[in-house]
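Undergrad: sharing a sequence plus its predicted fold:
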Amino acid sequence: MVPTSYYILLSALLFTFGVVGVLTRRNALVLFMSVELMLNSANLALVTFAMARQDVAGQIVVFFVIVVAAAEVAVGLALLVAIFRSKRTTDVDEINALRG
């Protein structure tokens, strides 16, 4: 059986990659993928701790996180398509000019 610390290390690495993606990229699609990567790393940690404690509570929380992530993707992509139709770009810096 794989030790719990390996799963937590993998979760931390995935979360770090997601944070780096959010902080360095300007493309809105890459930002969404980075946020999804961070949510999935949190899910991995929750499932790992639930497995270690022999409890299903962590897996139930993961189900709700997945539901919220799916709703976030649906709403975010709909907004992105609407903005892309008017601005013709997915660059976050250029989308900020939408206010003016």
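TA: Done, it's in. Numbering: from 1, shown residues only.

Undergrad: CA only for contacts and neighbour counts going forward, please
TA: OK.

Undergrad: after the host helix or strand of Ile66, which helix or strand is next?
TA: In this structure, Ile66 sits in helix 57-87 according to DSSP states H and E. Next helix or strand after helix 57-87 toward the C-terminus (DSSP H and E): helix 92-95.

Undergrad: that following helix: which residues count as buried?
TA: For helix 92-95, burial by neighbour count (16 or more other Cα atoms under 10 Å) applies to Ile95.

Undergrad: centre of the chain to it, how far?
TA: Its chain's C-alpha centre and that of helix 92-95 lie 20 Å apart, by Cα atoms, centre = their mean, to the nearest Å.

Undergrad: and that helix, what other elements does it pack with?
TA: Helices and strands touching helix 92-95, as assessed by 3 or more Cα pairs under 8 Å, 6 or more residues apart in numbering; DSSP states H and E, are absent.

Undergrad: give me the helices and strands touching the helix holding Ile66, please.
TA: In this structure, helix 57-87 makes packing contacts with helix 28-53, judged by 3+ Cα pairs under 8 Å, 6+ apart.

Undergrad: would you quantify the distance from Ala71 to Ala78?
TA: To Ala78, Ala71 is 11 Å away according to Cα to Cα, to the nearest Å.

Undergrad: quick one: the helix holding Ile66 to helix 28-53, angle?
TA: Interaxial angle of helix 57-87 relative to helix 28-53 (axes from the mean of the first three to the mean of the last three Cα atoms, to 10 degrees): 180 degrees.

Undergrad: list the contacts of the worst-scoring helix or strand of the chain on mean pLDDT.
TA: Least confident element among the helices and strands of the chain, by mean pLDDT, DSSP states H and E: helix 92-95 (a mean of 75). By Cα atoms under 8 Å, 6 or more residues apart in numbering, the surrounding residues in contact with helix 92-95 are Arg26, Asn27, Ala28, Ile83, Lys87, Thr89.

Undergrad: where does this structure have low pLDDT?
TA: Where the chain drops to pLDDT under 70, the residues are 96-100.

Undergrad: let's see that with 90 instead.
TA: 1, 25-29, 58, 72-73, 76-77, 79-100 (pLDDT under 90).

Undergrad: quick one, what contacts the residue positioned nearest the centre of the chain?
TA: The centroid of the chain falls nearest to Glu36 when counting by Cα atoms, centre = their mean (1.8 Å). By Cα under 8 Å, 6+ apart, Glu36 lies in contact with Gly18, Ala69.
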